[in-house]
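>>> Generate a structure from the sequence data that follows.
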Amino acid sequence: MRGNAAVFKCIIPSSVEAYITVVSWEKDTVSLVSGSRFLITSTGALYIIDVQNEDGLNNYRCITRHRYTGETRQSNSARLFVSDPANSAPSVLDGFEHRKAMAGQRVELPCKASGHPIPKYRWLKDSVLLEPDSRFRQTIIGLLIESTRPSDSGTYVCEVWNNYGNAEVIGVLHVKQSLKATISPRKVKSSVGSQVSLACSVTGADDPEMSWYRNGEIISPGNNVRIIGIAHENLIMDGMAKSDSGAYQCFVRKDKMSAQDYVQVVLEDGTPKIIPAFSDKVVNPGDPVSLMCNVKGTPLPTITWALDDDPVVKNGNHRISQITISEGNALSYLNITNTQVRDGGVYRCTANNSAGVILYQARINVQQAFGQ
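Prediction:
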């Protein structure tokens with residue numbers, strides 16, 4: 001009908017639909033470009049907007065291409081019968097029953113009808129009227145949804161009406177979360193001989209197949225390797241050797257989808273090392289004393305202080321503090337504000353981590369005041 005819209009669809013047999021895409025349309029022998037009155041949708045349909053008498057004088061064909069072979073084919077020609085406007089109820093030209101999409105994709109839900117006067121449209125999702133916003137927009141073709149989310153899944157109804165009647169298109173949209181794998185922790189720096197644990201979390205699929213790889217080689221459970229969890233999502237490795245450094249990959253599969261993530265595991269000789277920072281000394285009663293222990297190791301060692309084999313207890317006269325100056329390197333301070341005779345003795349700084357333990361000690365002598 002002149003003034004209305006017309007829709008041509010390129011029918012592809014279901015047996016080969018997965019391998020064939022519509023790449024273009026021709027009017028006679030001239031390729032059509034989307035724009036103005038001629039629109040080619042994402043599903044390969046051709047829309048002619050505001051049909052004119054001359055639109056019925058041409059032959060229309062679709063051209064398809066095989067995804068893998070690149071072979072192109074041209075459909076039979078079709079013509080458009082253009083009639084003068086006459087009052088009529090809406091008649092659906094294009095609609096949908098089911099649509100599937102991955103989260104983040106743009107989706108077009110087609111809904112187009114002819115009729116006179118030109119019909120009006122509105123959309124409902126799960127029986128609730130859809131208000132246009134930055135993601136939902138009504139277009140000439142139907143409803144355009146930007147950056148789909150799983151929550152967009154549901155039943156969509158396109159209501160069409162004019163003075164002479166109404167029609168509707170009902171379809172279901174299913175938005176599936178993209179398959180994604182994420183390994184934690186994101187950065188692993190440990191020491192030779194330590195235990196390393198990696199966890200792989202998966203979104204977008206239930207019960208996926210999961211495999212672990214190191215430097216491209218599959219990892220199998222063994223004496224020092226455990227792969228545990230319902231989906232084999234936890235990799236635990238004991239007694240790590242220097243050769244175990246490298247890229248660790250979690251690879252997941254579900255149906256035709258796959259995803260992966262990887263982290264770099266760096267193993268060092270993480271045995272604690274102490275850079276001597278205090279030595280034997282003699283001090284007077286009442287003098288302040290500051291002892292420092294510079295410690296390096298991977299993982300960062302735990303530092304403790306002792307006096308003559310007894311732990312130093314923090315109090316008003318003894319303060320212990322620690323700062324991390326770089327990854328695997330820390331400074332620990334023991335400060336004595338008002339030294340007493342009882343504070344004399346052998347002070348020991350001990351650094352301990354999973355790679356080993358080391359200590360450093362020196363004697364502090366407090367001179368006894370004359371006459372005491």
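>>> Ends of stretch 271-286, what's the gap?
One end of stretch 271-286 sits 38 Å from the other (CA to CA, to the nearest Å).
>>> Would you mark the buried spots in it?
Using 16 or more other CB atoms under 10 Å as the test for burial, stretch 271-286 gives 271-274, 277-278, 283. Heads up, the C-betas are built off the backbone N, CA and C, glycines and all.
>>> how about those residues in JSON lines, adding distance to residue 237 and pLDDT?
JSON lines is the format used below for the buried residues of stretch 271-286 (distance: CB to CB, whole Å; pLDDT from 0 to 100):
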{"residue": "271", "distance to residue 237": "19", "pLDDT": "84"}
{"residue": "272", "distance to residue 237": "22", "pLDDT": "89"}
{"residue": "273", "distance to residue 237": "24", "pLDDT": "90"}
{"residue": "274", "distance to residue 237": "28", "pLDDT": "91"}
{"residue": "277", "distance to residue 237": "35", "pLDDT": "75"}
{"residue": "278", "distance to residue 237": "38", "pLDDT": "87"}
{"residue": "283", "distance to residue 237": "49", "pLDDT": "93"}
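>>> For residue 58, state which of those is nearest.
residue 271 (82.7 Å; CB to CB).
>>> where does that closest one land in three-state SS?
coil (DSSP: H, G, I helix; E, B strand; the rest coil).
>>> what's the nearest residue to it if we skip its chain neighbours?
Excluding its sequence neighbours, the residue lying closest to residue 271 (CB to CB, 6 or more residues apart in numbering) is residue 356, at 4.4 Å.
>>> There's contact between the one you found and residue 272 in this structure, I believe.
Yes - using CB atoms under 8 Å, residue 356 makes contact with residue 272 at a distance of 6.1 Å.
>>> Could you name every residue contacting both of the two?
Shared contacts of residue 356 and residue 272, defined by CB atoms under 8 Å, 6 or more residues apart in numbering, are found at residue 297.
>>> Okay, now the sheet partners of the helix or strand harbouring residue 290, with direction.
Assigned by DSSP states H and E, residue 290 belongs to strand 289-296. Sheet pairing of strand 289-296 (DSSP bridges) gives strand 273-275 (antiparallel), strand 329-336 (antiparallel).
>>> Output that strand as PDB, restricted to C-alpha atoms.
The C-alpha atoms that make up strand 289-296 are tabulated as PDB, following Å, rounded to 0.1, in the frame of the first residue of the first chain:
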ATOM      1  CA  VAL A 289      68.200   3.100  72.000                       C
ATOM      2  CA  SER A 290      67.000   2.300  68.500                       C
ATOM      3  CA  LEU A 291      67.600  -1.100  66.800                       C
ATOM      4  CA  MET A 292      66.700  -1.700  63.200                       C
ATOM      5  CA  CYS A 293      66.300  -5.000  61.300                       C
ATOM      6  CA  ASN A 294      66.300  -4.800  57.500                       C
ATOM      7  CA  VAL A 295      64.600  -7.900  56.200                       C
ATOM      8  CA  LYS A 296      64.100  -9.300  52.700                       C
END
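>>> Report the buried residues of that strand.
Quick answer for strand 289-296 (16+ other CB under 10 Å): 289, 291, 293-296.
>>> for that strand, what is the average pLDDT?
Taken as a whole, strand 289-296 carries a mean pLDDT of 93.
>>> dump the residue contacts of residue 3.
Contacts of residue 3 (CB under 8 Å, 6+ apart): 50-51, 85, 116, 118.
>>> Can you say which of the residues you listed are buried?
By 16+ other CB under 10 Å, these give 51, 116 as buried.
>>> Figure out which of the strands paired with strand 289-296 is closest to residue 57.
strand 329-336 (82.7 Å).
>>> returning to that earlier point: want to throw the buried residues of strand 289-296 into a markdown table with distance to residue 312?
Output for the buried residues of strand 289-296, formatted as a markdown table (distance: CB to CB, whole Å):
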| residue | distance to residue 312 |
| --- | --- |
| 289 | 12 |
| 291 | 10 |
| 293 | 12 |
| 294 | 18 |
| 295 | 16 |
| 296 | 22 |
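>>> Of those residues, just say which sits nearest to residue 310.
Nearest member of the buried residues of strand 289-296 to residue 310, counting by CB to CB, is residue 291, at 15.6 Å.
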